[in-house]
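Visitor: Predicted model and sequence below, questions to follow.
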Amino acid sequence: MDKKTSLLSFAIGAPIGCLGGLIGLGGAEYRLPFLLKTFNKPAKKAVALNMLVSLITVVSAIYFRMNNFDISAIYPQMLLVVALIAGSTTGAYYGIGISTKISDVLFKKVLLTLLAIMGLLLISESLFPFPSTGIIFSTLYMELLVAVACGVLIGIISSLLGVAGGEVIIPILILIFGIDVKLAGTLSLIISVPTMIVGITRHSRNKMYSERSEISSLVVPMGISSIIGASIGAILVVYSPSGLLKIILGVMLILTSIKLFTEKE
């Protein structure tokens, strides 16, 4: 059974890892159904294992994208990145407390609406480019304040659903801060790492990683294939037009919102 689990894990990890390298996602939203249904993991365990594989995917995607990306483009955005990380780690830390005050049904409806709107905006902007991308802030302090607030939202979503948050981070970077989609994908990966570390630390304290067989037969092979997929995606990003990536991301956001809406409680 462990051998079959390992082979399935390896097969599932590669294409999702490719998305991570290509667009800048951890792929957790698309990995979770397999963990729940194919591997029959309880929801909390699936979320914890998912975040662990997402971290592997994101870190490998960062490495490979850096080798195929102009790193100098990141430097002017470092203050923005720090502000988003400050907000996202705070949001991730307090996400569990918030989850006790809001029902899963209400949260999923809010997330559904948010993802669907962002997806439609990205597709529309790609097909019919907006006159200007991003909001013009009156001061740097205002921009950073908005970034922290957006980061808190990202952290809460990441903490509650066990995702890296790229589907939310990338549209925020593009639509609010005017970042190009390819650069946004790389920044999204960087911003995701501290947020996921906070979540993984919490899951570890809850003994979610105590079964070594799960790590060896599921997380390790899925993580290895995710690294391979991320390397392929990072190479493809150089040759993929920004408009096409926006359409792909927009469609993925809408599909994710539909999946959340139709998911049985």
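Guide: All right, it came through fine. Bear in mind that the values here come from a model prediction, so they are computed numbers and not experimental data.
Visitor: Can you show me the helices along the stretch 1-150 of the chain?
Guide: 2-23, 28-33, 43-67, 78-99, 104-127, 140-161 (DSSP state H, counting those that start in this stretch).
Visitor: Same list (those helices) but as TSV, adding distance to Ser226.
Guide: Any C-beta I mention is one placed from the backbone N, CA and C, and that applies to glycine too. Converted to TSV, the helices of the stretch 1-150 of the chain look like this (distance: least, CB to CB, whole Å):
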stretch	distance to Ser226
helix 2-23	3
helix 28-33	9
helix 43-67	4
helix 78-99	21
helix 104-127	23
helix 140-161	18
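Visitor: Reformat those helices as JSON lines; add distance to Ile247 and mean pLDDT.
Guide: Below are those laid out as JSON lines (distance: least, CB to CB, whole Å; pLDDT from 0 to 100):
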{"stretch": "helix 2-23", "distance to Ile247": "11", "mean pLDDT": "81"}
{"stretch": "helix 28-33", "distance to Ile247": "17", "mean pLDDT": "72"}
{"stretch": "helix 43-67", "distance to Ile247": "20", "mean pLDDT": "81"}
{"stretch": "helix 78-99", "distance to Ile247": "24", "mean pLDDT": "85"}
{"stretch": "helix 104-127", "distance to Ile247": "5", "mean pLDDT": "71"}
{"stretch": "helix 140-161", "distance to Ile247": "23", "mean pLDDT": "87"}
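Visitor: which is the next helix or strand following the strand or helix carrying Ser204?
Guide: Taking DSSP states H and E as the criterion, Ser204 maps to helix 181-205. Later in the chain than helix 181-205, the nearest helix or strand by DSSP H and E is helix 212-214.
Visitor: which residues touch that following helix?
Guide: The set of residues external to helix 212-214 that reach it, using CB atoms under 8 Å, 6 or more residues apart in numbering, is 2, 45, 49.
Visitor: And that helix, how far out from the chain middle?
Guide: The chain centre lies 25 Å from the centre of helix 212-214; the measure is CA atoms, centre = their mean, to the nearest Å.
Visitor: Give the buried residues for that helix.
Guide: By neighbour count on 16 or more other CB atoms under 10 Å, the buried set for helix 212-214 is Glu214.
Visitor: Isn't Ile123 up against Ile248?
Guide: No. At 9.5 Å, Ile123 does not count as touching Ile248 under the criterion of CB atoms under 8 Å.
Visitor: Next one, pLDDT for Gly229 please.
Guide: If you check Gly229, the pLDDT there is 84.
Visitor: same question but for Thr201, I mixed them up
Guide: Looking at Thr201, the pLDDT reads 87.
Visitor: List the contacts of it.
Guide: Taking CB under 8 Å, 6+ apart, one finds nothing in contact with Thr201.
Visitor: Against Ile172, how distant is it?
Guide: Taking CB to CB, to the nearest Å as the measure, Thr201 falls 24 Å from Ile172.
Visitor: go on, Ser88?
Guide: Ser88 sits 11 Å away from Ile172, going by CB to CB.
Visitor: quick one, which of these two is more surrounded?
Guide: The neighbour count for Ser88 versus Ile172, taken as other CB atoms under 10 Å, is higher for Ser88 (32 against 22).
Visitor: Can you tell me, leaving aside adjacent residues, what's nearest to Trp5?
Guide: No Trp there; residue 5 is Thr. Nearest non-adjacent residue to Thr5, counting by CB to CB, 6 or more residues apart in numbering: Ser217, 4.6 Å away.
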